[in-house]
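# What shape does this take:
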Amino acid sequence: MGISNLTRICWLAALLACPAAKAGESRVFVLPQPLPAITIGNAEMFQAIFAQIPKETQVLPTEHYFYWQGVSEGKSVRGNLRFANGLRERGELSFSYTCGEFSASPHFTAKDGVILTCEDAFTVVLQSAGRTVKFHLHELPQTPPSASQLLPGEQFVERTCDESGLRFYLIYQREGNCFNWLLDEATPGNFVPLEGNLHHETRTDFVFEITPQRKLLVGVKQSHVRANDAYDGPFDQLADNYAEASGRQALLEKAVPECAGRIDAWGNYRDTEKPQRVGLVPYFIYPNLQEMKAWRKRLPAGGWLERYVSRQGK
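Residues are numbered from 1 along each chain as shown. Predicted coordinates:
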């Protein structure tokens, strides 16, 4: 799926299933049994997948995607169940899957024989065809970064968990009217120096500008973005359960004026035919590490790095 400046349709990446993964670890739930033909129908495909999901399941990403992968007639199938804020409270389940050029994204409710109830803000119960599965959403404390990690004019917005297993702080820069992603130091990484303060995290291919105070996300590899995999960046894993308390909507409308009056508290557009939301991509999408280093060098001496990165060098 391509990137269009700041707006992205949230879709596929990766999932965490029970038992819980450690910080910095990314896993996809692999279906133990083969799936039927991809053309069987959305309801039938959902049942084939639902029957194989553990009865107690932990969801890692903070936008509440449960990701899975399987095989249908020898071909890879990937997809997710999403317990989206604003939909799950109404008993509506988002179900998406893709196989080669085929993709489908139906929604199910009780009238389809899929009953979704919320025990609380972080516990979802899904019932269908006589089976019950309980999903535990990621209750991530919204602890801000230390004062030493923030520059003058920076404001903590949310603490998130990306599908890669890394945790991030979403930061808003008031003077620059832009966003950045800082790595939560509680999550481990393998950082290899590239040039100057630029470092490559080898598991995820994320690139960071590292100083003694913090790790600023400056690049995500293009091949991961195109594959829509677990390392396509944190743009689509905001902390939706905390969106209203964080004041995200007002900050988005200020930084992205074209969405003012058009989005809800979670950043979903209310006036588009297909589901879309504001995707925070304040970093470079790089094809290779040489290009990443070249982009970094284009910043004029004494230039504002955070704004340069946030605006992708523009």
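# mind listing what residue 234 touches?
Going by CB atoms under 8 Å, 6 or more residues apart in numbering, residue 234 touches 160, 162, 164, 166, 168, 181, 217, 280. Bear in mind the C-beta positions are built from the backbone N, C-alpha and C, glycine included.
# For it, which non-adjacent residue is spatially closest?
Distance criterion CB to CB, 6 or more residues apart in numbering; nearest residue to residue 234, sequence neighbours excluded, is residue 162 at 4.2 Å.
# so what's residue 267 scoring on pLDDT?
For residue 267, the model assigns a pLDDT of 89.
# What residues does it make contact with?
Residue 267 is in contact with 238, 243, 248-249, 252, 259, 277-278, counting by CB under 8 Å, 6+ apart.
# and what of residue 77?
Contacts of residue 77 were listed using CB under 8 Å, 6+ apart, and they are 35, 38, 69-71, 97-99.
# let's see it at 7 Å
35, 38, 69-71, 97, 99 (CB atoms under 7 Å, 6 or more residues apart in numbering).
# Excluding residues flanking it in the chain, which one is nearest it?
Of all residues not flanking residue 77 in the chain, residue 99 sits nearest, at 4.5 Å (CB to CB, 6+ apart).
# What's the local residue count around that neighbour?
Applying the criterion other CB atoms under 10 Å, we find 21 residues in the vicinity of residue 99.
# List the contacts of it.
Each residue near residue 99 by CB under 7 Å, 6+ apart is listed here: 38, 72, 75-77.
# try it again with 10 Å
35, 37-39, 45, 70-73, 75-79 (CB atoms under 10 Å, 6 or more residues apart in numbering).
# quick one: which of these is nearest residue 149?
Residue 149 has its nearest neighbour among the contacts of residue 99 in residue 78, at 35.2 Å by CB to CB.
# Among the contacts of residue 77, list the two that are farthest apart in space.
Using CB to CB, the contacts of residue 77 span at most 13.4 Å, a distance reached by 38 and 69.
# I'd guessed residue 248 sits against residue 280; true?
Yes: if you go by CB atoms under 10 Å, residue 248 and residue 280 touch, sitting 9.4 Å apart.
# Touching both of these two, which residues are there?
157, 170, 179, 238, 267.
# In strands only, show me those residues.
Of those, the ones assigned to strands by DSSP state E are 157, 170, 179.
# Tell me which stretches of this protein form helices.
Listed in chain order, the helices of the chain (DSSP state H) span 42-50, 222-227, 243-246, 248-255, 289-297, 305-310.
# out of those helices, nearest to residue 29?
Comparing those by CB to CB, helix 42-50 comes nearest, at 9.6 Å.
# list the buried ones in that closest one?
For helix 42-50, the neighbour count (16 or more other CB atoms under 10 Å) marks 42, 45-50 as buried.
# Tell me the helices and strands packed up against it.
strand 65-72, strand 75-82, strand 93-99, strand 102-104, strand 107-108, strand 123-128, strand 131-136 (3 or more CB pairs under 10 Å, 6 or more residues apart in numbering; DSSP states H and E).
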